[in-house]
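J.: Provided below are the primary sequence and the corresponding predicted coordinates.
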Amino acid sequence: MEMIVDFPGGQKVNVHFRGHTLKTDQPDDDTAPTPFELFLGSIGSCAGIYVLGFCRQRNLPTGGIRIVQRNHPNPATGLMDVVELEIQVPPSFPEQYRAALIRSAELCKVKKTLENPPQFAVTTKIVESAT
């Protein structure tokens, strides 16, 4: 999948792919999440997709279910030491499915990619202006 990153002005950086645009910004302007906030949000939202799929496959209601993500950074580096995902379920959620709900969230592709990080190849290339 190819993604195009451009710089629309100020401290904004946008990512374009599949007809979508993810807008990011830095706190000075604060018109959009920072790239790091989007990254962290992708963890919880990915786990949410798996929790939703688990419930839908079993016709379990998702009302009252939510995931609370707590990010615990290392004070020295600012990098995350622990990302905690707490799946909150209502009292009516069947106890027999609670452990399986955790296992389904742990299947998240974002989490698995972080556990097995890709290699990065950063290069430059001179291109002629399209104007």
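T.: Perfect, I can see it now. These numbers were taken from a predicted model, which means no experiment stands behind them.

J.: Phi first, then psi, for the most centrally placed residue in the chain.
T.: For the chain, the residue nearest the mean C-alpha position is Ser42 (0.4 Å; CA atoms, centre = their mean). According to degrees, to the nearest 10, the main-chain angles of Ser42 amount to phi -70, psi -30.

J.: For Ile126, see how far away it is.
T.: Taking CB to CB, to the nearest Å as the measure, Ser42 and Ile126 are separated by 32 Å. Yep, even glycine has a C-beta here, placed from its N, CA and C like the rest.

J.: In CSV, list the C-alpha atoms belonging to the one helix or strand Phe39 maps to.
T.: Per DSSP states H and E, Phe39 falls inside helix 35-57. In CSV, the C-alpha atoms belonging to helix 35-57 read as follows (Å, rounded to 0.1, in the frame of the first residue of the first chain):
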residue,chain,number,x,y,z
PRO,A,35,1.3,11.8,14.5
PHE,A,36,2.2,10.1,17.8
GLU,A,37,-1.4,10.4,19.1
LEU,A,38,-2.7,8.8,15.9
PHE,A,39,-0.2,6.0,16.3
LEU,A,40,-1.3,5.4,19.9
GLY,A,41,-5.0,5.6,18.9
SER,A,42,-4.4,3.0,16.2
ILE,A,43,-3.6,0.5,18.9
GLY,A,44,-6.9,0.9,20.8
SER,A,45,-9.0,1.2,17.6
CYS,A,46,-7.4,-2.0,16.2
ALA,A,47,-8.2,-3.9,19.4
GLY,A,48,-11.7,-2.5,19.2
ILE,A,49,-12.2,-3.9,15.7
TYR,A,50,-11.3,-7.3,17.0
VAL,A,51,-13.5,-7.0,20.1
LEU,A,52,-16.4,-5.8,17.8
GLY,A,53,-15.8,-8.8,15.4
PHE,A,54,-15.8,-11.2,18.3
CYS,A,55,-19.1,-9.9,19.6
ARG,A,56,-20.8,-9.8,16.2
GLN,A,57,-19.8,-13.4,15.4
